[in-house]
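>>> test case, fold it:
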Amino acid sequence: MDTTTEAAEFFGMKIMDPDLWKMLVKFGINLFFLTIIIRYTYYKKTPRKNYLFTFYMISIISFYICFALKKFDMGVGMGLGLFAIFGIIRYRTNPMRIREMTYLFLVIGLSVINALSGNLSYAEMVFINGSVWLIVYVMEYWWLQSTEDDKVITYEKIENIKPEKYQELLSDLRARTGLKITRAEVGKINFLKDTAQVKIYFEEELHNL
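Numbering: from 1, shown residues only. Sure, this is the predicted structure:
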C-alpha cells in the first residue's frame, strides 16, 4: 500500500519537504568537521579572526548553494551565468577587505538560492536563510568581539628588528601607532636606508552604531 502523500504547496512551492532532514544531518556533519579544522586546527596555529570568519561563512554558504543546486533544473546558460556572478568577487576593480568580500559572497549566494528556490520547500528556504543569519550574528557579536586587521609600514629603528628585541619592537609600534598590535612580521630590509618593511597585526574593535 502506497502511503506517500503529496506535500502541501503554497504559490507553487512545497511548505515542507523530507529533504530538509537530509540537509539538517549533512549540515551538522559539515559544521562539526569545519569546526575541528578551522577553529581547533587552523586558528590555534594562526589566530587570524578575519580568516576564521571567512572560512566559516564561505564554507557554509557553499554547502547551501550546492545542496540547493542539486534540486534546480538548470541549463548551460544558467550555469555560466552563475559562474559570471561569482566571478565578480575575484575580478573586482576596487580593493575590498576580506571581511566585506565575505559579506559580498554571502549576499550573492543567498540571493541565488532564494531566486532559484522553486524546487526547495519553504521550510528549507527559511532554515537556510535563518541559519546563515544566526551564525553570522553569533560570530560577529558573541564569538568575535573584535576583528584582526593588518597593514605594512616602513620602520626605521632597524636595531629593533632583531629576534631578541621582538618585545621592544611591539612596544615601540604600539606607542607610535596607538593600535592594539598583537604581533608583527619583519619583511624586506634595506640596510642602505636603515629601514625595514614590517607587517603589523592589530585588533580592530567592532562598535554598534
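>>> now do the contacts for Tyr201.
48, 148-150, 181-185 (Cβ atoms under 8 Å, 6 or more residues apart in numbering). Just so you know, the C-beta spots here come from the backbone N, C-alpha and C atoms, and that holds for glycine as well.
>>> would you turn the residues you listed into TSV with secondary structure, pLDDT and neighbour count?
Shown next, in TSV, are those (DSSP: H, G, I helix; E, B strand; the rest coil; pLDDT from 0 to 100; neighbours: other Cβ atoms under 10 Å):
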residue	secondary structure	pLDDT	neighbour count
Arg48	coil	70	18
Glu148	strand	69	19
Asp149	strand	75	17
Asp150	strand	79	16
Ile181	strand	90	19
Thr182	strand	86	15
Arg183	strand	88	13
Ala184	strand	91	21
Glu185	strand	90	11
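>>> could you export those as CSV, including distance to Tyr141?
Below are the contacts of Tyr201 laid out as CSV (distance: Cβ to Cβ, whole Å):
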residue, distance to Tyr141
Arg48, 19
Glu148, 17
Asp149, 18
Asp150, 23
Ile181, 24
Thr182, 21
Arg183, 25
Ala184, 29
Glu185, 30
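>>> which among the residues you listed gets closest to Phe33?
Using Cβ to Cβ, Arg48 comes nearest to Phe33 of these, at 20.1 Å.
>>> distance check, the closest one against Arg99.
For Arg48, the distance to Arg99 equals 11 Å [Cβ to Cβ, to the nearest Å].
>>> which SSE is the spatially most central residue of the chain in?
In the chain, the C-alpha nearest the mean C-alpha coordinate belongs to Thr54, at 1.8 Å (Cα atoms, centre = their mean). Element membership of Thr54, judged by DSSP states H and E, is helix 49-69.
>>> same check, this time on Lys188
Lys188 is located in strand 180-190, with elements delineated by DSSP H and E.
>>> need the next SSE after that strand, C-terminal direction.
Immediately after strand 180-190, counting by DSSP H and E, sits strand 195-205.
>>> how about that next one: buried residues?
195-196, 198, 200-202 (16 or more other Cβ atoms under 10 Å).
>>> how about stretch 173-183?
So stretch 173-183, judged by 16+ other Cβ under 10 Å, has buried residues 173-174, 181.
>>> and which of those residues is nearest to Tyr122?
Tyr122 has its nearest neighbour among the buried residues of stretch 173-183 in Ile181, at 48.5 Å by Cβ to Cβ.
>>> need the nearest residue in space to the closest one, chain neighbours excluded.
Residue nearest to Ile181 in three dimensions, not counting chain neighbours: Phe202, with 4.7 Å by Cβ to Cβ, 6 or more residues apart in numbering.
>>> got it, and Phe53?
Met139 (5.7 Å).
>>> again with Thr154
Thr195 (5.4 Å).
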